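Provided below for reference: sequence and predicted model.
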Amino acid sequence: MFIVVDAEVNVHNTSEVLFHLPGNTDPQRDSIFTKGPSDVLDHATSEIAIGSKLGIDATKKIPGEGFKRAWPPLIKMDESVKAKVEKLFK
């Protein structure tokens, strides 16, 4: 299984990847399943050395991909809101 994200997403930060996954993905449009060669030692496959793969496109969509609306920017909290939240949930 693999997830493709935009360049500014830190792929080494699981929380960041998981934040963008549901926000940038329409399951029908952005998922692909394929079947093909797999590691012979993979015990999860239904046949020896043949398995399926899942790809998910969690990138921002562009007009060339058929996306007709403007992609919204991320909302960021200003520092006073962050301080208030930190104070409430220490």
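Perfect, thanks for sending it. Residues are numbered from 1 along each chain as shown.

okay, CA-based contacts and neighbour counts for the rest of this
Will do.

strands of this structure, start to end?
Taking DSSP state E as the test, the strands found in the chain are 2-4, 31-37, 50-57.

so which of those is nearest Ala83?
When the strands of the chain are compared by Cα to Cα, strand 2-4 sits nearest Ala83, at 32.9 Å.

same for that closest one, what does it pack against?
Packed against strand 2-4 by the contact rule (3 or more Cα pairs under 8 Å, 6 or more residues apart in numbering; DSSP states H and E) you find strand 50-57.

ok, back up a step: can you redo the strands of the chain as a markdown table with mean neighbour count?
A markdown table is the format used below for the strands of the chain (neighbours: other Cα atoms under 10 Å):
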| stretch | mean neighbour count |
| --- | --- |
| strand 2-4 | 13 |
| strand 31-37 | 11 |
| strand 50-57 | 16 |
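
and those as a markdown table, adding mean pLDDT and distance to His12?
Putting the strands of the chain into a markdown table (pLDDT from 0 to 100; distance: least, Cα to Cα, whole Å) gives the following:
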| stretch | mean pLDDT | distance to His12 |
| --- | --- | --- |
| strand 2-4 | 96 | 12 |
| strand 31-37 | 95 | 22 |
| strand 50-57 | 95 | 17 |
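
figure out which of those strands is closest to Glu79.
Of all those, strand 2-4 sits nearest to Glu79, with 30.7 Å by Cα to Cα.

what does that closest one rub up against?
Contact partners of strand 2-4, identified using Cα atoms under 8 Å, 6 or more residues apart in numbering, comprise Leu21, Leu54, Gly55, Ile56, Asp57, Ala58, Thr59.

hmm, back to that, a markdown table for the strands of the chain, including distance to Phe67?
Below are those laid out as a markdown table (distance: least, Cα to Cα, whole Å):
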| stretch | distance to Phe67 |
| --- | --- |
| strand 2-4 | 17 |
| strand 31-37 | 16 |
| strand 50-57 | 13 |
